[in-house]
Structures are given as structure tokens and as C-alpha cells.
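Q: sequence unavailable; structure follows:
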């Protein structure tokens, strides 16, 4: 079982930036596609972005394109989510996930972290 631990969430104001981290406990991290999702209270879990095992070709949801950037450091078993120009509608719990292939669909990711809360005030 892959253990994923997110960190870096917090309370910020609109326009601020945050960088989330997700550390994997598994040595095979570099063989896995990684993704970020988020879920606001009462809403479904939404895709944010995904990155391939090599770190190339990140793909983003339209709602965050141009503001959020996913990167990874395979030497540190860590994937990052840099979030700029945050908006109140970005308020949610943010989850990282690991899977065999990149996809925007949550069912393709078998391993999930417990999430980190991001709250953006107006």
C-alpha cells in the first residue's frame, strides 16, 4: 500500500500563492503517474492536474490552467502543486493520487492521500 502524505495547505487571501507537497512512501514512485484532485464540501472530487512518471506533459483542468503548476522530484519521492493567484472558489481539500497512467478520472488512481485543506478568503 502506497502511503501519500500531503502538506502545505492553509488559509490565504485571494491573489496569494501556496505550494502543496505530496510525499510518497514507495520506492516505485518514479514509475507512477501522479495527480492532484480537490473536493469542496457537498461537491464531487474534481480533477486539477496530472503529471507523468518522468515529469513531462502535465495536463490541467481548464479551471486552473495558467495558475497552477504540477511538478515532481523523483529523487525526493515528492510531487508538488504550485498554486498562484488563488481565488475563493479554489477553497477545497486537496488530494494527491498515484496511478499507473495519467488520467483526469479518479478511478484510474488506486492510492490516495488524506488531503490538505486550502481556504481562500475574499
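A: Thanks, I have it. These numbers were taken from a predicted model, which means no experiment stands behind them.

Q: going forward, measure contacts and count neighbours with C-alpha atoms only.
A: Noted.

Q: so who does the most centrally placed residue in the chain touch?
A: In the chain, the residue lying closest to the centroid (C-alpha atoms, centre = their mean) is residue 36, at 2.5 Å. For residue 36, the contact set (C-alpha atoms under 8 Å, 6 or more residues apart in numbering) comprises 47-50, 81, 94-97.

Q: ok, residue 47 next?
A: Neighbouring residues of residue 47 by C-alpha under 8 Å, 6+ apart: 35-38, 60-61, 104-106.

Q: from the chain's centroid, how far away is stretch 86-95?
A: Distance of stretch 86-95 from its chain centroid, counting by C-alpha atoms, centre = their mean, to the nearest Å, is 11 Å.

Q: kindly report the same for stretch 41-57.
A: 6 Å.

Q: how far does it stretch from start to finish?
A: Distance across stretch 41-57, first residue to last, is 30 Å (C-alpha to C-alpha, to the nearest Å).

Q: per-residue confidence averaged over it?
A: Averaged across stretch 41-57, pLDDT comes to 94.

Q: swap in stretch 70-84?
A: Here the average pLDDT along stretch 70-84 is 97.

Q: what about it, start to end distance?
A: The first and final residues of stretch 70-84 sit 12 Å from each other (C-alpha to C-alpha).

Q: and residue 30, that's in a strand?
A: No - checked against DSSP: H, G, I helix; E, B strand; the rest coil, residue 30 lies outside a strand; its state is helix.

Q: gap between it and residue 24?
A: In this view, residue 30 and residue 24 are 10 Å apart by C-alpha to C-alpha.

Q: check residue 78 too.
A: In terms of C-alpha to C-alpha, residue 78 sits 6 Å off from residue 24.

Q: who has more neighbours out of the two?
A: For residue 78 and residue 24, the more surrounded residue by other C-alpha atoms under 10 Å is residue 24, and the numbers stand at 24 against 20.
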